[in-house]
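J.: sequence-free structure coming up:
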């Protein structure tokens, strides 16, 4: 039985370790969306502005910069193929490329990765959820989705972005009671209300059963699990919080090894005796008499991953070994920036450092507008003893509204016309606001060239493209992080294919091509498929990401470049220009171009075959 106290202690520790990021990420998301007009202001500032009758202006300079960076990623989308590492893996690599192409089309992988990248740009973290579900033909279907950054808690002790080195990972969601009971019918059979997942009685007997761990001591012994009611459930919406905790533990196992090839067995054995029994069983096979193989037993400390699911005081799924043979957490991270500062790890997106320029722009514009709105006939000051000197200074210098409760009489009694010198504050504020715009460009890296804005009126198109490519250097680290996320996702997907796909399913995937080949070739393909499914750990391959040259934007850019070469005299590149430009009549144009080229070739050949003139023929006397 799982220790509920330990599970909640670990979960609370993970919440505490991720709290700073979660708060900053929520704020970053509001800065991007605007939060319906109030997301970029603190609640205390909004209350003060509304009390003074001043509008909390939001002039969002963050949203277009985020959209620019995410648009650049979409413009350079990559396609996927497998490259063999060993000579005998070439056929399997071709098969994997076909399977990846099928997965890319059916799962809209590029859209998933773009959405995950956008999460990272805004908050600093994005997550890909990779699972296996029941398919259309009662077989296994690989599902690749985006998981919200709000639902995932990373290991607070992680020091590397590689989650294969983490000790734990948690996913949590508030789910309706009906859906939760459908997912876990046995564990939640008696649950009717959200409160039913709580521990019903907390007394001395149950408290004595709570054993706090050595490391995580966050369960309140006075109230037990009821102290965590806030994150256990939402009684108003009739939802309960499901927590899926993944943990990695290191265990000693015994493996068979061939000392000549260095190959290890795919699966380990709990005891050395069982490993020796496996060797004896292998040696009794008939093929061993013809070609005997030497096998030894070695011990290794290997990581094993487990998953536990719980809600409140209910364990919905006991600690279970990872059902996937790849033995990895099924959530793949993308980090926009991952920095280990020594004491802790900081993960943040582009928006985090744009918050201050955005705040400055909002506040400066609000102040300038308030000064203009409050200035009667170009400006005025309070006179006499109606206001204090400090109030007068704040009103004229800081733009603060100064009221005079209960005053009656003519306005000239307490305000006299004066010069318009104080209106110089407005252009000063405007200059600060312009500076915040400039700072935002420099901080984000989304400069004018990246936005397609020429730095001068005489800048050529080629120079602008060069500047755009140079500006892209500010995003190289983030693009490489995204490529790492993609490769990890696809390699994990391939391992799931080897574990759950059948020969029939793969034949259906490559369907049209498979039906056209001869029976001998079909047998060869079936052999390749079987070899792919059997070689779970022995096959060596790399997932290669192409440069995304097939996207419409990239093709248009390449067509532009080729067009420049054609205009400079490289007429032989004209067919390539037509192909890249995606003209509607491209086939007819290329056919006409080929006809004219063939006619020119024939004319040149006829000229070369024509005999030279004889005895002065054709020569003027």
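T.: Sure thing, it's come through. Since the structure is predicted, the reported quantities are computational estimates derived from the model, not experimental observations.
J.: now the helix or strand encompassing residue 297: buried residues?
T.: Remark: residue 297 resides in strand 296-311, with elements defined by DSSP states H and E. For strand 296-311, the neighbour count (16 or more other Cβ atoms under 10 Å) marks 297, 305, 307, 308, 309, 310, 311 as buried. In this view, the C-beta of every residue, glycine as well, is placed from N, C-alpha and C.
J.: out of those residues, who's nearest residue 482?
T.: Checking those against residue 482 by Cβ to Cβ gives residue 305 as the nearest, at 24.5 Å.
J.: for that closest one, which non-adjacent residue is spatially closest?
T.: residue 322 (4.1 Å; Cβ to Cβ, 6 or more residues apart in numbering).
J.: in contact with the nearest residue to residue 336 once chain neighbours are set aside: list those residues for me.
T.: Take residue 336 and drop its neighbours on the chain: the residue closest to it by Cβ to Cβ, 6+ apart is residue 120, 3.9 Å away. With Cβ atoms under 8 Å, 6 or more residues apart in numbering as the criterion, the residues that contact residue 120 are 126, 334, 335, 336, 349, 478, 481, 482.
J.: ok, now how distant is residue 120 from residue 489?
T.: Applying Cβ to Cβ, to the nearest Å, one obtains 14 Å for the distance of residue 120 from residue 489.
J.: also residue 173?
T.: Residue 173 sits at a distance of 21 Å from residue 489 (criterion: Cβ to Cβ).
J.: give me the more crowded residue out of those two.
T.: For residue 173 versus residue 489, neighbours defined as other Cβ atoms under 10 Å are more numerous around residue 489 (23 against 16).
J.: which element follows the one helix or strand the more buried one maps to toward the C-terminus?
T.: If you go by DSSP H and E, residue 489 is part of helix 476-500. From helix 476-500 onward toward the C-terminus, using DSSP H and E, the following helix or strand is helix 503-509.
J.: flag every buried residue along the helix or strand that contains residue 606.
T.: Element membership of residue 606, judged by DSSP H and E, is helix 586-609. Buried residues in helix 586-609, counted by 16+ other Cβ under 10 Å: residue 589.
J.: who touches it?
T.: Around helix 586-609, the neighbours that count as contacts under Cβ under 8 Å, 6+ apart are 574, 575, 578, 579, 583.
J.: list the buried ones in the longest strand anywhere in the chain?
T.: Across the chain, the strand with the greatest residue count (assigned by DSSP state E) is strand 239-257. Taking 16+ other Cβ under 10 Å as the neighbour-count basis, strand 239-257 is seen to contain the buried residues 239-248, 253-257.
J.: now do it: which elements does it pack against?
T.: Counting contacts by 3 or more Cβ pairs under 8 Å, 6 or more residues apart in numbering; DSSP states H and E, the secondary-structure elements packed against strand 239-257 are helix 4-33, strand 168-176, helix 177-183, helix 229-232, strand 233-234, helix 272-283, strand 296-311.
J.: so it versus helix 4-33, what angle?
T.: Orientation of strand 239-257 against helix 4-33 (axes from the mean of the first three to the mean of the last three Cα atoms, to 10 degrees) gives an angle of 110 degrees.
J.: so what would you say the end-to-end distance of stretch 28-40 is?
T.: Here the two ends of stretch 28-40 are set 9 Å apart, with distance taken as Cα to Cα, to the nearest Å.
J.: and the contacts of that stretch?
T.: The set of residues that contact stretch 28-40 without belonging to it, under Cβ under 8 Å, 6+ apart, is 46, 56, 58, 60, 62-63, 66, 122-124, 348-349, 351-352, 354-355, 358-359, 362.
J.: now do 7 Å
T.: Stretch 28-40 is contacted from outside by 46, 56, 58, 60, 62-63, 66, 122-123, 349, 351-352, 355, 358-359, 362, using Cβ atoms under 7 Å, 6 or more residues apart in numbering.
J.: likewise stretch 325-334?
T.: Counting by Cβ under 7 Å, 6+ apart, 116-117, 120, 125-131, 147, 152, 161, 163-164, 169, 171, 246, 303-305, 324, 481-482, 485, 488-489, 492, 495, 499, 536 sit against stretch 325-334.
J.: now the residues you listed: which count as buried?
T.: Of the members of those, the ones counted as buried by neighbours, 16+ other Cβ under 10 Å, are 116-117, 120, 125-130, 147, 152, 161, 163, 169, 171, 246, 305, 324, 481-482, 485, 488-489, 492, 495.
J.: just the element for residue 524, please.
T.: When secondary structure is defined by DSSP H and E, residue 524 falls within helix 519-534.
J.: would you mark the buried spots in that helix?
T.: Taking 16+ other Cβ under 10 Å as the basis for neighbour counts, the residues of helix 519-534 that come out buried are 525, 528, 529, 531, 532, 533.
J.: wait, residue 317 sits on residue 308?
T.: Yes - Residue 317 is in contact with residue 308 according to Cβ atoms under 7 Å; the separation is 6.5 Å.
J.: now do the helices in the stretch 301-450 of the chain.
T.: Taking DSSP state H, counting those that start in this stretch to define them, one finds helices in the stretch 301-450 of the chain at 355-374, 389-393, 425-444.
J.: any idea which of the ones you listed scores lowest on pLDDT?
T.: Mean pLDDT across these is lowest at helix 389-393; the value there is a mean of 62.
J.: and stretch 43-60, end to end?
T.: The distance separating the two terminal residues of stretch 43-60, taken as Cα to Cα, comes to 18 Å.
J.: ok, stretch 562-577 next?
T.: For stretch 562-577, the first-to-last residue distance is 6 Å (Cα to Cα).
J.: so how far is it off the chain centroid?
T.: On the basis of Cα atoms, centre = their mean, to the nearest Å, stretch 562-577 sits 39 Å off its chain's mean C-alpha point.
J.: returning to that earlier point: which one of the helices and strands packed on strand 239-257 has the lowest average pLDDT?
T.: Least confidently modelled of these is helix 229-232, at a mean of 63 by mean pLDDT.
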